[in-house]
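Novice: need coordinates for the below:
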Amino acid sequence: MKHNLSTTGVLTLVISGSLFLVNGCFTVGPDYTPPGTSTPVNWTAELNASLTNKATDLETLSCWWTRLNDPVLSDLMEQARTNNLDVSQAEARLREARAQRGATKADLFPTLAANASASRTRSSEKNGARTTSSLFANGLDARWELDIFGRKRRTLEAADATLQASWEDLSDVLVSLFAEVALNYVEVREYQLRLSLTKSNIAARAEACDITRWRYESGLTTQLDVDQARLSFEQARADIPSLQTSLEQSKHRLAVLLGKSPGALKQLLAETGIIPVPPAKIAVGVPADVLRQRPDVRRAERKLAAQTAQIGVAKAARYPDLSLLGSIGLESLKLDDLYTSGAQTAQAAANATWTLFDFGRIRRNIEIQTALQEEALGFYESTVLTALEDVENAMVAYANEQTRHRSLLEAARAGQSAYDLALNQYSSGLVDFQTVLDMQRSLLTVQDQLVSSDGEITSDLIRLYKALGGGWISLPTNNTAGKKNTSGDKP
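Specialist: Reported below is the predicted structural model:
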């Protein structure tokens, strides 16, 4: 299509004026500065032989469960990463944030629309001569709201930070998911071992029942010993149903975490397995490392950045809005003449609006956004303290449970020896049956505590890895959200 000089001149004037105004733009509102966070140089918890302040290896931390050397656990983690419904929801939120950011960025640019119309009009005879006329037109309309005071740029800045916060939200979901899967898996193994231990103890008590019955039939003891042995036997059997209930519930919970129906893991976890053994050394780094590794801390910081940008959006409402409008097209009374040079039309306009009086609405909105920014800063600082607390608590629990485990191990050895000796002495008539019962109860208690302590040590290690932010690098293999980009641009 050819344009005459006047049309070209109008469009050139509009474009030149637009570029001049854009180059002269400035952005109102505070520029974001990451908050300065004071963190301790070292942990207050005393590091034992298994914990070191060596810097954590991010590659190891991202797949920390591989250090437990349990193929079944590793397989469950992969299934959870692929099928967990919370991860799917977090991915959907990420896609929503990306789309919102794209829509916000599009607002920076002009809007161009095409139009075409055809009309035919016939006048009334009562209004004069009856006439019939036609009008044909098509063209392009453009509108551009110039971002002179940075309202749209601040909005895009907030959208960028929100998108990055959504990435960290997905990472945080993964950190919690991997920890929950591992904790439930350890719980399953712990209940299996406790169930096996209880069944072994029942067999031992059945043997004690036989001994008391033989001695009673030989006239060497009374019915009291027989009844006491039977009481002890039935008490042990009564523990079986509750342990089986807890075991099945743990399996069901684990299946749901994997995005499966309860009972789907029954065959996989049918056989009793061992509790995963922690590695000999765990690198926990220093407190500053945790703030870089924890996705919840990074998410809180990005939300603070987004809210800081919203203050600029609110302040920009104090200033005028300027829009440029333009159109070029063709218009003719006859369709045959529509695409001729004489049918060309052009129009350019500028529109400015400025709120002069609103009873303080804009000022109050600025106060609201500033208060929300202060709230976000407080939440960030609280998240930092909670992160440090989580690590300190996990280290204390892990170290102290190891100390407790050593004592329980010695107690179990002594209890087994004492029970065997008491049973032999009772068979020889050297002690009464009450001594056997006391040793039997003590042995079962300490053995059960020992198995629970094995599970608690591994569980404390899992909580420590979670507190350190372990697992956030490992994104789902079927991730439809795209690759991570902390810049916020075209993620």
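
Novice: what's the spacing between residue 255 and residue 191?
Specialist: As judged by C-beta to C-beta, to the nearest Å, residue 255 and residue 191 stand 15 Å apart. Every residue, glycine included, has its C-beta placed from N, CA and C.

Novice: same thing with residue 471?
Specialist: For residue 471, the distance to residue 191 equals 24 Å [C-beta to C-beta].

Novice: for residue 36, same thing?
Specialist: The value you get for residue 36 to residue 191, if C-beta to C-beta is used, is 47 Å.

Novice: higher neighbour count, those two?
Specialist: residue 191 (23 against 5; other C-beta atoms under 10 Å).

Novice: wait, that one sits on residue 249?
Specialist: No - assessed by C-beta atoms under 8 Å, residue 191 is found out of contact with residue 249, at 9.1 Å.

Novice: what are the buried residues along the lengthiest strand in the chain?
Specialist: If you go by DSSP state E, the chain has its longest strand at strand 132-146. Neighbour counts over strand 132-146 (16 or more other C-beta atoms under 10 Å) mark 136, 137, 139, 142, 144, 145, 146 as buried.

Novice: contact partners of that strand?
Specialist: Contacts to strand 132-146, defined as C-beta atoms under 8 Å, 6 or more residues apart in numbering, come from residues 18, 21-22, 25, 107, 109-123, 152, 321-335, 338, 345.

Novice: which of these count as buried?
Specialist: For the contacts of strand 132-146, a burial check counting by 16+ other C-beta under 10 Å picks out 18, 21, 152, 321-322, 324-330, 332, 338.

Novice: need phi/psi at the residue nearest the centre of the chain.
Specialist: The centroid of the chain falls nearest to residue 173 when counting by C-alpha atoms, centre = their mean (2.2 Å). With angles defined as degrees, to the nearest 10, residue 173 sits at phi -60, psi -40.

Novice: distance of it relative to residue 136?
Specialist: Per C-beta to C-beta, residue 173 is found 58 Å from residue 136.

Novice: quick one: low-confidence ranges for this protein?
Specialist: For the chain, the stretches with pLDDT under 70 are 1-25, 126-130, 473-491.

Novice: break it into its domains for me.
Specialist: Per automatic domain parsing, the structural domains of the chain span 27-108+149-319+361-467, 110-146+320-353.

Novice: which of those domains sits most buried?
Specialist: domain 27-108+149-319+361-467 (a mean of 18; mean count of other C-beta atoms under 10 Å).

Novice: that domain spans what distance, first to last residue?
Specialist: End-to-end span of domain 27-108+149-319+361-467 (C-alpha to C-alpha, to the nearest Å): 39 Å.

Novice: so what's the gap between that domain and the chain middle?
Specialist: A distance of 15 Å separates the centroid of the chain from that of domain 27-108+149-319+361-467, by C-alpha atoms, centre = their mean, to the nearest Å.

Novice: likewise for stretch 110-126?
Specialist: The chain centre lies 55 Å from the centre of stretch 110-126; the measure is C-alpha atoms, centre = their mean.

Novice: just to revisit the earlier point, ok, the residue nearest to the centre of the chain - contacts?
Specialist: Contact partners of residue 173, counting by C-beta under 8 Å, 6+ apart, are 86, 87, 90.

Novice: over to residue 300?
Specialist: 376, 379, 380, 383, 384.

Novice: I figured residue 182 hits residue 65, correct?
Specialist: Yes - in this structure residue 182 lies within contact range of residue 65 using C-beta under 8 Å: 5.8 Å.

Novice: ok, and the closest non-adjacent residue to residue 112?
Specialist: Residue nearest to residue 112 in three dimensions, not counting chain neighbours: residue 142, with 5.1 Å by C-beta to C-beta, 6 or more residues apart in numbering.

Novice: what do you get for residue 399?
Specialist: residue 48 (4.5 Å).

Novice: how about that neighbour, secondary structure?
Specialist: Following DSSP: H, G, I helix; E, B strand; the rest coil, residue 48 is assigned to coil.

Novice: surely it meets residue 400?
Specialist: No - under the criterion of C-beta under 8 Å, residue 48 is not in contact with residue 400, lying 9.1 Å apart.

Novice: helices of the chain, start to end?
Specialist: 5-23, 58-62, 71-83, 85-106, 151-217, 223-257, 287-293, 295-316, 361-427, 433-467 (DSSP state H).

Novice: next, the angle from the fifth one to helix 295-316.
Specialist: The reference is to helix 151-217. Calculated by axes from the mean of the first three to the mean of the last three C-alpha atoms, to 10 degrees, helix 151-217 forms an angle of 150 degrees with helix 295-316.

Novice: make 477 the first number, not 1, from now on.
Specialist: Got it, first residue is 477 now, which makes that one helix 627-693.

Novice: got the angle for helix 627-693 vs helix 837-903?
Specialist: Computed with the same axes, to 10 degrees, the direction of helix 627-693 lies at 20 degrees from that of helix 837-903.

Novice: what's the answer for the last one, then?
Specialist: Angular relation of helix 909-943 and helix 837-903 on a 0 to 180 degree scale: 150 degrees, by the same axes, to 10 degrees.

Novice: packing partners of helix 909-943?
Specialist: Under the contact definition 3 or more C-beta pairs under 8 Å, 6 or more residues apart in numbering; DSSP states H and E, helix 909-943 sits against helix 627-693, helix 699-733, helix 837-903.

Novice: need the ones you listed in TSV (columns: distance to residue 573).
Specialist: TSV is the format used below for the helices and strands packed on helix 909-943 (distance: least, C-beta to C-beta, whole Å):
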stretch	distance to residue 573
helix 627-693	4
helix 699-733	25
helix 837-903	17
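
Novice: any idea what residue 617 is bridged to?
Specialist: According to DSSP bridges, the partner residues bridging residue 617 are residue 589, residue 803.

Novice: next one: it from residue 587, what distance?
Specialist: From residue 617 over to residue 587 the distance is 8 Å, taken as C-beta to C-beta.

Novice: what does residue 526 give?
Specialist: According to C-beta to C-beta, residue 526 and residue 587 sit 63 Å apart.

Novice: try residue 854
Specialist: For residue 854, the distance to residue 587 - C-beta to C-beta - is 40 Å.

Novice: do you know how far residue 939 is from residue 681?
Specialist: Residue 939 is 36 Å from residue 681, where distance means C-beta to C-beta.

Novice: check contacts around residue 625.
Specialist: Counted by C-beta under 8 Å, 6+ apart, residue 625 has contacts 501, 502, 503, 504, 792, 795.

Novice: if we can go back for a sec, and of the contacts of residue 649, the nearest to residue 556?
Specialist: If you rank the contacts of residue 649 by distance to residue 556 using C-beta to C-beta, residue 563 comes first, at 7.9 Å.

Novice: show me the contacts for the closest one.
Specialist: Contacts of residue 563 (C-beta under 8 Å, 6+ apart): 556, 557, 646, 649, 650, 653, 952.

Novice: CSV for the residues you listed, including distance to residue 550?
Specialist: Rendered in CSV, the data for the contacts of residue 563 read as follows (distance: C-beta to C-beta, whole Å):
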residue, distance to residue 550
556, 11
557, 11
646, 21
649, 20
650, 15
653, 14
952, 16
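
Novice: and these, which is closest to residue 778?
Specialist: Using C-beta to C-beta, those come closest to residue 778 at residue 646, 12.4 Å.

Novice: unless I'm mixing things up, the closest one is touching residue 566, no?
Specialist: Yes - counting by C-beta under 8 Å, residue 566 is a contact partner of residue 646 at 4.3 Å.

Novice: from residue 710, how far out is the residue nearest to residue 699 when sequence neighbours are not counted?
Specialist: Nearest non-adjacent residue to residue 699, counting by C-beta to C-beta, 6+ apart: residue 692, 6.5 Å away. Distance of residue 692 to residue 710, computed by C-beta to C-beta: 18 Å.

Novice: alright, I will stop here.
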